[in-house]
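Trainee: predicted structure and sequence below. I'll ask about it afterward.
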Amino acid sequence: MPELFARIPEDRVAVLIGAGGTTKRSIEQRTRTRLTIEAAEGGVEVESLDEGDVDGALRARDIVLAIGRGFSPARAARLLKPDTYLGIIEIKRVARRHDKDSLWRIRSRLIGAQGRARRRLEDLSGASVSVLGSTVAVIGQEKELESATKAIELLLRGSEHSTVFHLLVRRRRDQAVEAALEPLEPAEPIDLE
């Protein structure tokens, strides 16, 4: 049986377990896994219940990591959908700033007043975004993840919000055009008899 390991911040362990263990049980049931949580250290072992089924274990591990990066269990459950992935961006590495004041300012800039910048980023990219500590976590399908990651990196490097949001609008429009130009699948022949 496949086994994976993850580590989350100790203050997020209670969120992972949930009231009376409901969140933990829900993850286990939906991914066919068993989670063993070391509350004192934040260590989580993910064990698949199905022999050879790595997909459930990988999804459970990603959900655990997403909750550890600040997502609510409901938003982290988006990772159960097919072709949906988790990406984690290190703010310090992208912004090339390591002091606490710079990190606080950069995080604040990414979130915006009352969370407006983060919500706008989510609306335009289609991805879910969580800022916690020195990381930004993103959940979305491949194109959503790509768009959100590019936008976040631009914001972390100091680009203007309006420039980044216009880029996202343009990318969204281009993706809609691509989807409209994709060849249609042939229709089933109609039997006229």
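Mentor: All right, it came through fine. Residues are numbered from 1 along each chain as shown.
Trainee: CA only for contacts and neighbour counts going forward, please
Mentor: Noted.
Trainee: distance from the chain centre to the helix or strand bottoming out on mean pLDDT in the chain, please.
Mentor: Across the helices and strands of the chain, mean pLDDT, DSSP states H and E gives its lowest value to helix 91-95, namely a mean of 80. Centroid separation for helix 91-95 versus its chain: 18 Å, with C-alpha atoms, centre = their mean, to the nearest Å.
Trainee: pull the CA atoms of it into CSV?
Mentor: Extracted as CSV, the C-alpha positions of helix 91-95 are listed here (Å, rounded to 0.1, in the frame of the first residue of the first chain):
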residue,chain,number,x,y,z
ILE,A,91,7.5,34.5,-1.5
LYS,A,92,11.1,35.0,-0.4
ARG,A,93,12.5,33.2,-3.5
VAL,A,94,10.4,35.1,-6.0
ALA,A,95,10.5,38.6,-4.4
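Trainee: which strands and helices sit next to the helix or strand following it?
Mentor: Per DSSP states H and E, the first helix or strand lying C-terminal to helix 91-95 is helix 100-111. Counting contacts by 3 or more C-alpha pairs under 8 Å, 6 or more residues apart in numbering; DSSP states H and E, helix 100-111 packs against helix 116-125, helix 142-156.
Trainee: nearest residue to the residue nearest the centre of the chain other than its sequence neighbours?
Mentor: Here the mean C-alpha position of the chain is nearest to the C-alpha of residue 139 (C-alpha atoms, centre = their mean), at a distance of 2.1 Å. Leaving aside its sequence neighbours, residue 139 sits nearest to residue 86 (C-alpha to C-alpha, 6 or more residues apart in numbering; 4.7 Å).
Trainee: just say helix, strand or coil for the one you found.
Mentor: Counting by DSSP: H, G, I helix; E, B strand; the rest coil, the backbone at residue 86 sits in strand.
Trainee: residue 70 too?
Mentor: Put simply, residue 70 is coil when judged by three-state DSSP.
Trainee: quick one: it and residue 55, what's the gap?
Mentor: 23 Å (C-alpha to C-alpha, to the nearest Å).
Trainee: settle it for me: which of these two has more neighbours?
Mentor: Using other C-alpha atoms under 10 Å, the more surrounded residue of residue 70 and residue 55 is residue 70, with 22 against 14.
Trainee: for the more buried one, what are phi and psi?
Mentor: Main-chain dihedrals, residue 70, degrees, to the nearest 10: phi 110, psi 0.
Trainee: do residue 39 as well
Mentor: Residue torsions, per degrees, to the nearest 10, at residue 39 are phi -60, psi -40.
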